[in-house]
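Colleague: below is the sequence, then the predicted model.
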Amino acid sequence: MSQTVTLSPITRVEGHLAVKVEVEEGRVARAFVSGEMFRGFEQILRGRNPQDAQHITQRICGVCSVEHGVASVLAQEMAYGLVPPNNGRLIRNLIQAANVIMSHVAHFYLLSAVDFVDLEAITGYRGQDQGLLELQAWVKSQLASKSVSPVAPFLPRYAAKYLHDAETNFTALRHYLDAFELRSVATKMGAVFAGKLPHAATLMAGGVTERVTVLKITQYKSFLNQLQRFIDHAYLPDVAAVAQAFPEYFTVGRGCGNFLAYGVFPETSDGSSKFLPSGVLLDGKLNPLAPEAITEDVAQSWFSSASGRQPSEGETTPAPGKAGAYSWLKAPRYQRQVMEVGPLARILVAYHDGRNAAVKSAVNALLKDLGKEPNDLVSALGRHAARALECKLVADRCEEWLDQLAPDEPACNEGAVPDSARGYGLTEAARGALGHWIEIRGRKIRNYQCVVPTTWNCSPRDDRGVPGAMEQALIGLPVADPEKPIEVARIVRSFDPCLACAVH
Ligand code: NFE
Ligand code: MG
C-alpha cells in the first residue's frame with residue numbers, strides 16, 4: 001500500500017518548497033521536489049546595462065545576495081577582459097566569507113536546530129537566564145494555544161526523538177538566541193567593506209569601490225573574533241552533540257553521491273588558485289571542472305524553451321500548466337549526471353584534492369572525534385557537519401586575507417563595456433555552486449542565465465526521468481509514521497534549500 005505525504009510549504013526553509021513523497025512499507029518509494037513559484041530575473045535583465053547586473057541579481061535573494069553579486073562581476077570581468085587588483089579580490093573574499101558565516105549560523109540554529117533540540121524541554125528550565133525565561137514563556141503560551149497553525153515553524157511539532165539531556169537542550173537554546181545576534185554581527189562585518197548589506201553596494205567588475213583603511217581592517221577583525229568564539233564554543237560543539245545523539249542520520253539522506261564544486265575564495269588575482277578548489281566527484285573519482293559540461297533540462301519543468309542547453313545558450317520561457325511538469329526549477333546536469341552542491345561538496349572536493357592542508361587535517365580531526373569515515377559524511381548529518389567545519393575554516397582564513405590587504409592601495413581596475421562579448425562567473429554561495437552567464441550585444445544584456453545551488457539540489461526529474469539530488473536523498477528513507485514525517489523534513493533541511501534563489 002502506498003501513502004502519499006505532501007509537505008507544502010515545508011516551513012523553516014527559505015521560499016516555497018513543496019515535497020511530495022510516496023511511502024510504501026515504511027520507506028519512501030518515490031519523491032517529488034517542486035518549486036512553486038516563478039520570478040523572472042533572467043527576463044528582467046534583458047536589455048539592461050550590464051554594469052547593473054550585479055545589483056539586480058543580488059535581489060534574487062536576501063540571504064546569498066553577495067554571492068549573486070560576485071558571480072555577476074566575475075561574468076562581467078570575463079566579458080570585459082578585466083581582473084581585480086589584490087585588494088579588490090581580498091575584499092570580495094572578506095565580504096563573501098562574512099555572508100557564508102552569517103548563512104551557515106542562521107541555517108543551523110534558526111532553520112534546522114529545533115528539528116533535533118527539544119524546544120519543549122525549556123518548560124523545565126529553572127535558571128535565571130532572561131532570554132531563556134522569555135523563550136519559556138513563549139513556548140508555554142504556544143503549547144496552551146488552540147489556534148496555532150499545523151504548519152507552524154516551531155510548535156506544534158512532530159512527536160519524535162529529540163535531544164534528551166536537559167542541560168544540553170538549554171545550552172543549545174541559549175545558542176539559538178545568541179545566533180540572532182551573531183547573524184547581525186556577521187552582517188555588520190561584511191558591511192564594513194560592502195557599504196551596506198544584505199545587498200552589497202561596492203561590488204563592480206574590476207574589483208570593489210571601497211578604500212582599504214587600517215580602521216576598516218580593525219573593525220572587521222573585531223567582528224570576526226566574536227564570530228570565531230561562537231563557532232568554536234557553540235556551533236561546532238552543538239553540531240557534535242547532535243551527531244552523538246542522532247548517529248542514525250549519518251546513514252540516511254545520502255543522495256546521488258556525485259559532487260560538484262566551482263571553487264571559491266581566489267588566492268590569486270586570475271583565480272587560478274582558490275582556498276576551496278573546484279572539482280567534480282563522479283563515482284568517487286575527482287575530475288577537473290569543465291564548465292561546458294553544464295546543461296539544463298526542462299522536460300519536467302514549467303518551461304517551453306529548449307531542453308538540454310548550455311547556460312551560455314540557455315532560454316527561459318515560462319509555460320505554466322505544461323503537461324508532465326511539476327516544478328519551476330530547471331534540472332541542471334553535469335555531463336548529463338545529477339550533482340549535489342553545497343558545503344559537503346566543497347569539503348569533499350577539497351579533501352580529495354588534498355592541496356589545502358587545513359581542510360584535510362580539519363576533516364580528519366572531525367572524523368576522528370565523531371568516530372566516522374569520510375564516506376559517512378555523505379548523509380544528512382554529514383551535511384550539517386561539513387557546513388560547520390567550513391564555517392570555521394573560512395572564518396579562520398579571513399585573518400590571513402585581512403593581513404594581506406594593502407591600505408590605500410587601489411581596490412579596482414577600470415574597464416569599459418564592449419559592444420559585444422560573452423562571459424561567465426563561477427563561484428560558490430553558502431548553498432553551493434553558483435554560476436551566471438552573460439551575453440552582451442550593443443552594450444546591453446542580450447541574454448543572462450543563472451544556474452543556482454538550490455536549482456542543482458532541488459532539481460526535478462530530467463529529460464531521461466532521473467530524479468534530482470534531494471529527490472534521490474529521500475528515496476529509501478524510513479518513515480516511522482507518514483502522518484508525522486519528521487525524517488523527511490530533516491533530510492530536506494540538511495541541504496539548506498533556498499527556493500527564492502532556485503526559481504530566480
Ligand atoms: Ni537564496 Fe542562494 C545560496 C544562491 S541558494 S540562498 O547560498 O545562489 O540556491
Ligand atoms: Mg536559470
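Modeller: The structure has been received and is ready for your questions. Ligands and ions are numbered 1, 2, ... in the order given.

Colleague: check which helix or strand whatever residue of the stretch 151-300 of the chain ends up closest to ligand 1 maps to.
Modeller: With C-beta to the nearest ligand atom, the shortest gap between the stretch 151-300 of the chain and ligand 1 falls at Pro198, namely 10.3 Å. For glycine as for every other residue, the C-beta is placed from the backbone atoms N, C-alpha and C. Counting by DSSP states H and E, there is no helix or strand that carries Pro198.

Colleague: where do the strands sit along the stretch 351-500 of the chain?
Modeller: Using DSSP state E, counting those that start in this stretch, the strands of the stretch 351-500 of the chain run over residues 420-429, 432-441, 444-451.

Colleague: where does the stretch 101-250 of the chain dip in pLDDT?
Modeller: 148-151 (pLDDT under 70).

Colleague: which stretches in it count as strands?
Modeller: Taking DSSP E, counting those that start in this stretch, the strands of the stretch 101-250 of the chain run over residues 203-204, 207-208.

Colleague: output the contacting helices and strands for the last one.
Modeller: It stands for strand 207-208. helix 86-105 (3 or more C-beta pairs under 8 Å, 6 or more residues apart in numbering; DSSP states H and E).

Colleague: please apply the same query to the first one.
Modeller: In terms of contacts (3+ C-beta pairs under 8 Å, 6+ apart), strand 203-204 is packed against helix 53-58, helix 65-80.

Colleague: swap the cut-off to 7 Å and go again
Modeller: helix 65-80 (3 or more C-beta pairs under 7 Å, 6 or more residues apart in numbering; DSSP states H and E).

Colleague: mind exporting the helix it packs on as PDB, just the C-alpha atoms?
Modeller: Presented in PDB, the C-alpha positions along helix 65-80 are these (Å, rounded to 0.1, in the frame of the first residue of the first chain):
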ATOM      1  CA  SER A  65      22.800  38.200  -2.300                       C
ATOM      2  CA  VAL A  66      26.500  38.900  -2.100                       C
ATOM      3  CA  GLU A  67      27.300  35.700  -3.900                       C
ATOM      4  CA  HIS A  68      25.000  36.600  -6.800                       C
ATOM      5  CA  GLY A  69      26.800  39.900  -7.000                       C
ATOM      6  CA  VAL A  70      30.200  38.200  -7.100                       C
ATOM      7  CA  ALA A  71      29.100  35.700  -9.800                       C
ATOM      8  CA  SER A  72      27.800  38.600 -11.800                       C
ATOM      9  CA  VAL A  73      31.000  40.700 -11.600                       C
ATOM     10  CA  LEU A  74      33.100  37.600 -12.400                       C
ATOM     11  CA  ALA A  75      31.000  37.100 -15.500                       C
ATOM     12  CA  GLN A  76      31.400  40.700 -16.500                       C
ATOM     13  CA  GLU A  77      35.100  40.600 -15.900                       C
ATOM     14  CA  MET A  78      35.400  37.700 -18.300                       C
ATOM     15  CA  ALA A  79      33.400  39.700 -20.900                       C
ATOM     16  CA  TYR A  80      35.300  43.000 -20.400                       C
END
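
Colleague: just want the angle from that helix to strand 444-451.
Modeller: Relative orientation of helix 65-80 with respect to strand 444-451: 130 degrees, computed using axes from the mean of the first three to the mean of the last three C-alpha atoms, to 10 degrees.

Colleague: taking their axis directions, helix 65-80 and strand 420-429 sit at what angle?
Modeller: Using the same axes, to 10 degrees: helix 65-80 against strand 420-429 is 150 degrees.

Colleague: where's the residue nearest the centre of the chain relative to Glu483, distance?
Modeller: Residue closest to the average C-alpha location in the chain (C-alpha atoms, centre = their mean): Arg431, at 1.4 Å. As judged by C-beta to C-beta, to the nearest Å, Arg431 and Glu483 stand 30 Å apart.

Colleague: same deal with Ala406?
Modeller: 61 Å.

Colleague: ditto for Gly207
Modeller: From Gly207 to Glu483 the distance is 55 Å (C-beta to C-beta).

Colleague: quick one: which of those two has more around it?
Modeller: A count of neighbours by other C-beta atoms under 10 Å puts Gly207 above the other of Gly207 and Glu483, at 27 against 10.

Colleague: does Ala261 touch Ile347 like I think?
Modeller: No: contact criterion C-beta atoms under 7 Å: Ala261 and Ile347 do not qualify, at 9.0 Å.

Colleague: of the two, who's got more company?
Modeller: Ala261 (30 against 27).

Colleague: next up, the contacts around the nearest residue to the more buried one once chain neighbours are set aside.
Modeller: Leaving aside its sequence neighbours, Ala261 sits nearest to Val349 (C-beta to C-beta, 6 or more residues apart in numbering; 4.2 Å). By C-beta atoms under 7 Å, 6 or more residues apart in numbering, the residues touching Val349 are Phe259, Ala261, Pro277, Gly279, Leu281, Leu286.

Colleague: with Ala469 instead?
Modeller: Gly255, Cys256, Val338, Met339, Glu340, Trp456, Asn457, Ser459 are the contacts of Ala469 under C-beta under 7 Å, 6+ apart.

Colleague: and the closest residue to the last one other than its chain neighbours, how far is that from ligand 1?
Modeller: Pointing back at Ser459 there. Of all residues not flanking Ser459 in the chain, Gly468 sits nearest, at 3.2 Å (C-beta to C-beta, 6+ apart). Noted for Gly468: a distance of 13 Å to ligand 1, by C-beta to the nearest ligand atom, to the nearest Å.

Colleague: so Gly468 touches Phe32, yeah?
Modeller: No: at 9.7 Å, Gly468 does not count as touching Phe32 under the criterion of C-beta under 7 Å.

Colleague: which one's more surrounded, these two?
Modeller: Gly468 (29 against 20).

Colleague: can I assume Lys216 is in contact with Val192?
Modeller: Yes: judged on C-beta under 7 Å, Lys216 makes contact with Val192 at a distance of 5.2 Å.

Colleague: the more surrounded of these two?
Modeller: Val192 (24 against 18).

Colleague: was I right about that one contacting Thr218?
Modeller: No: with contact defined as C-beta under 7 Å, Val192 does not reach Thr218; the gap is 9.5 Å.
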